[in-house]
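[1] Everything below, folded, please.
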Amino acid sequence: MNTPKAIVTLAAAAVLGAAGGAAVVGVTGDGGGSTKTVIEPAASQPQKVSVAQNNGDQLDAKQVYAAASPSVAYITSNITAQSSSADPFSENQGQAGEATGSGFVVSADGYIVTNAHVVNGASTVTVKIGDGKTEPAEVVGKDESTDIALLKVNASNLRPLQFGDSDKLSVGDNVFAIGNPFGLDRTLTTGVVSALQRQITAPNGFTINGVVQTDAPINPGNSGGPLLDAEGDVVGVNSQILTGSSSSEGNVGIGFAAPSNTVKNVVEQLEQSGTVKHAYLGVQMGDSSSGGAQVGAVTDGGPAATAGVRAGDTIVGFDGKNVLDSAALSGLVNAKQVGDKVELTIRRDGSDHTLTVTLGEQPAGAEQASASGSQTDPQQQVDPNQQVDPSQIDPQQQVDPDQQVDPSQIDPQQQVDPNQQVDPSQGTQQIDPQQLLEQLQQQLVP
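    Residues are numbered from 1 along each chain as shown. Below is the predicted model:
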């Protein structure tokens, strides 16, 4: 029998009378104890964030930790009853308490990156960087769609971490996570990149694309902490884990980090204005069997339509990078800013064509695509207020073969008579029971 699993965020809350934390499909908690959220230091100044230039030297775990740990932050959020009740992903609705997490320094003058769910509902936030003292922090801005927040403390001469290029990662690359799992500050764990181009769901229901999967052990309390490569650069922000069951919080070797290229873009905007505008292509798409993202429909008047993209085209290149599937294209678009001009390589009638697209701003009602890559707009939204019971959901959509089905729960119009002969040529045509009864009665009349 399959064991239900749950994908959960890594923030944790210690609440008076109960324990709970934010989650994608539910909330982590221990039913009365406490959990912890981890956030870590990041990279250079938001307004000047750029992919780190390096000489390709590979560092070992000891060297990465020595270089990065002084830039990792321990974040504490004081949650009010009013604000926590507004968070549909918080188990401790209507109760006051304290949540903790991780973060990392991205500028010498005090900017710090963390997950948005670490500071959601907070009346006050404090930060302890490395071995420094605990200081009050201002929430500069949050982007719920990528689950990224930017904080600011009054400080100088901090050691910022650099952002690496998440697009250059390969499966098998060594990675390192630093954070505060279960409150154990500045804990180092190591692993590899297990997979690329995963999709996870932000607390507001938006899909985060291009996500890095890792087996480096991360647990509640690691939220917002950095995932570093072997050059000591941040290639992701640790955000979620897949647990062994819906009632478990522990790591099972599957963790997810928001890609650094997306985070870098978000941080730059948050530092400049406190808000984020997401780039928009304006296509509905799915995966092409031959590779690339196949366009199912084009939004009238949208950027793609204006550039000449048509339904039926397959997008195989974006800004000089190969597009493997629809999820990869969504990630590439999300790493860009509104107004950026990019070249699209499309395949139409067996020939490749290059089109120049000026990316627009994501409409307020646009929704994110599902992880299945179905023919939906890659920036569609789901209802953020929808409550989801993690115990009722298996993220891998597994079915328990031993599950008993209550006949009373079955729609009688969907029941099938095992003796009924089905004409395959009729497809899924429905039969009117009353009409069938009248036909049978007529056949019985002598």
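
[2] Buried ones in the strand or helix carrying residue 191, by neighbour count?
    If you go by DSSP states H and E, residue 191 is part of strand 187-201. Buried positions in strand 187-201, judged by neighbour count with 16 or more other Cβ atoms under 10 Å: 187-191, 193-194, 196-201. (Glycine included, C-beta is placed from N, CA and C.)

[3] Next, the angle from the helix or strand containing residue 68 to strand 187-201.
    Per DSSP H and E, residue 68 falls inside helix 61-68. With axes from the mean of the first three to the mean of the last three Cα atoms, to 10 degrees defining the directions, helix 61-68 sits at 80 degrees from strand 187-201.

[4] What residues of helix 61-68 count as buried?
    Across helix 61-68, burial judged by 16+ other Cβ under 10 Å covers 64-65, 68.

[5] for the residues you listed, which one is nearest residue 350?
    Nearest to residue 350 among the buried residues of helix 61-68 is residue 64, at 47.7 Å by Cβ to Cβ.

[6] Now do the same contact list for the closest one.
    Applying Cβ atoms under 8 Å, 6 or more residues apart in numbering to residue 64 gives the contacts 176, 188, 228, 230, 232.

[7] run the last query once more with 7 Å
    176, 228, 232 (Cβ atoms under 7 Å, 6 or more residues apart in numbering).

[8] And residue 253, by the same measure?
    Residue 253 neighbours (Cβ under 7 Å, 6+ apart): residue 215.

[9] Shouldn't residue 167 be within a helix?
    Yes: under DSSP: H, G, I helix; E, B strand; the rest coil, residue 167 falls within a helix.

[10] these two touch, right, it and residue 262?
    No: if you go by Cβ atoms under 7 Å, residue 167 and residue 262 don't touch, sitting 10.3 Å apart.

[11] Please render the buried residues of helix 61-68 as a markdown table that adds distance to residue 272 to the earlier fields.
    Compiled in a markdown table, the buried residues of helix 61-68 are given as follows (distance: Cβ to Cβ, whole Å):
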| residue | distance to residue 272 |
| --- | --- |
| 64 | 30 |
| 65 | 32 |
| 68 | 26 |
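
[12] Closest one of those to residue 117?
    Nearest to residue 117 among the buried residues of helix 61-68, with distances taken as Cβ to Cβ, is residue 68, at 22.6 Å.

[13] Tell me what residue 105 is bridged to.
    residue 112 (DSSP bridges).

[14] list the contacts for residue 109?
    Residue 109 sits next to 155-156 when contact means Cβ under 7 Å, 6+ apart.

[15] Report the secondary structure element holding it.
    Short version, using DSSP H and E: residue 109 is in no helix or strand.

[16] Could you break the chain into its assigned domains?
    Following automatic domain parsing, one gets these domains for the chain: 6-266, 279-361.

[17] Go through those and find the least confident stretch.
    Sorting these by mean pLDDT places domain 6-266 lowest, at a mean of 79.

[18] quick one: the residue lying closest to residue 65 once chain neighbours are set aside and residue 59, what's the gap?
    With Cβ to Cβ, 6 or more residues apart in numbering as the criterion, residue 65 has its nearest non-adjacent residue at 4.8 Å, and that residue is residue 188. For residue 188, the distance to residue 59 (Cβ to Cβ, to the nearest Å) stands at 12 Å.

[19] Residue 351 too?
    46 Å.

[20] more crowded one of these two?
    residue 59 (18 against 7; other Cβ atoms under 10 Å).

[21] If you rank the contacts of residue 64 by neighbours, which is first?
    Using other Cβ under 10 Å as the neighbour test, the contacts of residue 64 are led by residue 228, with 31 neighbours.

[22] And for the strand or helix carrying that one, what's in contact with it?
    Assessed by DSSP H and E, residue 228 sits inside strand 226-229. Outside of strand 226-229, the residues within contact range by Cβ under 7 Å, 6+ apart are 40-42, 64, 68, 104, 161, 164, 173, 175-178, 212, 214, 234-238, 257.

[23] just to revisit the earlier point, if you count surrounding residues, which of residue 167 and residue 262 has more?
    Ranked by neighbour count (other Cβ under 10 Å), residue 167 and residue 262 place residue 262 first, with 27 against 17.

[24] Kindly format the C-alpha coordinates of stretch 189-209 as CSV.
    Output of stretch 189-209 as CSV, limited to C-alpha atoms (Å, rounded to 0.1, in the frame of the first residue of the first chain):
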residue,chain,number,x,y,z
THR,A,189,24.5,19.7,4.5
THR,A,190,25.8,18.5,1.2
GLY,A,191,24.5,16.7,-1.8
VAL,A,192,24.1,16.9,-5.6
VAL,A,193,21.6,18.4,-8.1
SER,A,194,19.1,15.5,-8.4
ALA,A,195,17.0,17.0,-11.2
LEU,A,196,16.3,20.3,-13.0
GLN,A,197,13.3,22.1,-14.3
ARG,A,198,11.0,21.0,-11.5
GLN,A,199,7.8,22.9,-10.7
ILE,A,200,6.6,23.8,-7.2
THR,A,201,3.6,25.8,-6.0
ALA,A,202,4.1,29.1,-4.1
PRO,A,203,1.8,29.8,-1.1
ASN,A,204,-0.4,32.0,-3.3
GLY,A,205,-1.0,29.2,-5.8
PHE,A,206,1.4,30.4,-8.5
THR,A,207,3.8,27.9,-10.1
ILE,A,208,7.5,28.4,-9.6
ASN,A,209,9.3,27.1,-12.6
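
[25] Strands of the stretch 1-150 of the chain, start to end?
    Using DSSP state E, counting those that start in this stretch, the strands assigned to the stretch 1-150 of the chain run over residues 6-9, 12-15, 18-19, 72-79, 97-105, 111-115, 122-129, 134-143, 148-152.

[26] which residues touch the closest residue to residue 341 other than its chain neighbours?
    Closest residue in space to residue 341, ignoring its immediate chain neighbours: residue 358 at 5.2 Å, by Cβ to Cβ, 6+ apart. The contact partners of residue 358, taken as Cβ under 7 Å, 6+ apart, are 303, 339, 341.

[27] didn't residue 72 look like it was pressed against residue 188?
    No: with contacts counted by Cβ under 7 Å, residue 72 stays clear of residue 188, the gap being 9.6 Å.

[28] Could you name every residue contacting both of those two?
    Common contacts of residue 72 and residue 188 (Cβ under 7 Å, 6+ apart): residue 178.

[29] Tell me where the stretch 251-400 of the chain has strands.
    Under the criterion DSSP E, counting those that start in this stretch, the stretch 251-400 of the chain contains strands at 255-259, 279-280, 283-287, 293-298, 314-318, 321-322, 341-348, 351-358, 360-361.

[30] which of those strands is buried the deepest?
    Most buried of those by mean neighbour count (mean count of other Cβ atoms under 10 Å) is strand 255-259; its value is a mean of 28.
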